[in-house]
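Visitor: okay, predicted coordinates and the sequence, questions at the end:
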Amino acid sequence: MQGKARKVVQAILYEIIAVACVAPALALMFETSMAHSTVLSVLMSGIAMSWNMGYNWAFERWEARQAQRRRTWLRRLLHALGFEGGLVLILLPLVAFWLDISLWSALLTNLALFVFFFVYAFVFQWGFDKVFDVPLSAQQRTAEC
C-alpha cells in the first residue's frame with residue numbers, strides 16, 4: 001500500500017488504538033469519568049492525526065532526498081522522537097484546560113503520555129511497515145537499465 005491510502009490507514013489505525021489505551025488511563029489518573037476522558041482522547045487524537053499527516057509528509061519528503069533511503073533503527077528512533085516531541089508541545093494547552101490543571105501538571109501528564117507513545121509509535125510504525133511494506137520514500141533505489 002502506498003500514497004494517500006497508506007497515510008490515511010496508518011493514521012486511523014494508530015489513533016483508534018491510541019484512544020482505546022489513553023481514555024481509560026486518563027480516567028484513572030485524574031479520577032474523571034470515561035466520557036470526559038474519552039472526549040479529551042478523541043480531541044487529542046484529531047490533533048494528533050493532523051500532526052501525523054503533516055509530520056509524515058515532511059519526514060518522507062526529507063527521507064526521499066537522502067542518499068541512504070532505508071529505514072534504519074536510528075531513523076525510526078528520530079522519527080518517533082520528532083513526532084512525539086512535537087505533539088507534546090502542541091497538546092500542552094489543551095490538556096491543561098480540559099483537565100483544569102496547571103501547565104506544569106499538563107507538561108508532566110504529556111511527558112507521561114510521551115513515554116507511552118514513544119514506544120507505541122516506534123512499535124506501531126515497525127509493525128505497520130511489516131504488514132503494508134515501507135513507503136516508496138524508504139525503498140532502496142534500483143539501478144535503471
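Guide: All right, it came through fine.

Visitor: all helices of this protein, in order?
Guide: For the chain, the helices defined by DSSP state H occupy 3-29, 34-64, 73-99, 103-132.

Visitor: will you turn the ones you listed into TSV that also has mean neighbour count and mean pLDDT?
Guide: To be clear about C-beta, it is placed using only N, CA and C from the backbone, and glycine gets the same treatment. Below are those laid out as TSV (neighbours: other CB atoms under 10 Å; pLDDT from 0 to 100):
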stretch	mean neighbour count	mean pLDDT
helix 3-29	15	88
helix 34-64	16	91
helix 73-99	16	90
helix 103-132	15	87
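
Visitor: show residues contacting stretch 71-84.
Guide: Stretch 71-84 is contacted from outside by 51-52, 55-56, 59, 63, 114, 117-118, 121-122, 125-126, 129, 134, 138, using CB atoms under 8 Å, 6 or more residues apart in numbering.

Visitor: 7 Å - rerun?
Guide: Here stretch 71-84 makes contact (CB atoms under 7 Å, 6 or more residues apart in numbering) with 55, 59, 114, 117, 118, 121, 122, 125, 126, 129, 134, 138.

Visitor: try stretch 95-112
Guide: By CB under 7 Å, 6+ apart, stretch 95-112 touches 30, 40, 88, 91, 92.

Visitor: may I ask which two of those are separated the most?
Guide: Pairwise distances across the contacts of stretch 95-112 (CB to CB) peak at 17.6 Å, for the pair 30 and 88.

Visitor: of the contacts of stretch 71-84, closest to residue 24?
Guide: Set against residue 24, the nearest of the contacts of stretch 71-84 by CB to CB is residue 117 (15.2 Å).

Visitor: what sits against that closest one?
Guide: residue 84.

Visitor: the residue nearest to residue 57 when sequence neighbours are not counted and residue 56, how far apart?
Guide: In this structure, residue 57 finds its nearest non-sequential neighbour in residue 7, 7.7 Å apart by CB to CB, 6 or more residues apart in numbering. Per CB to CB, to the nearest Å, residue 7 is found 6 Å from residue 56.
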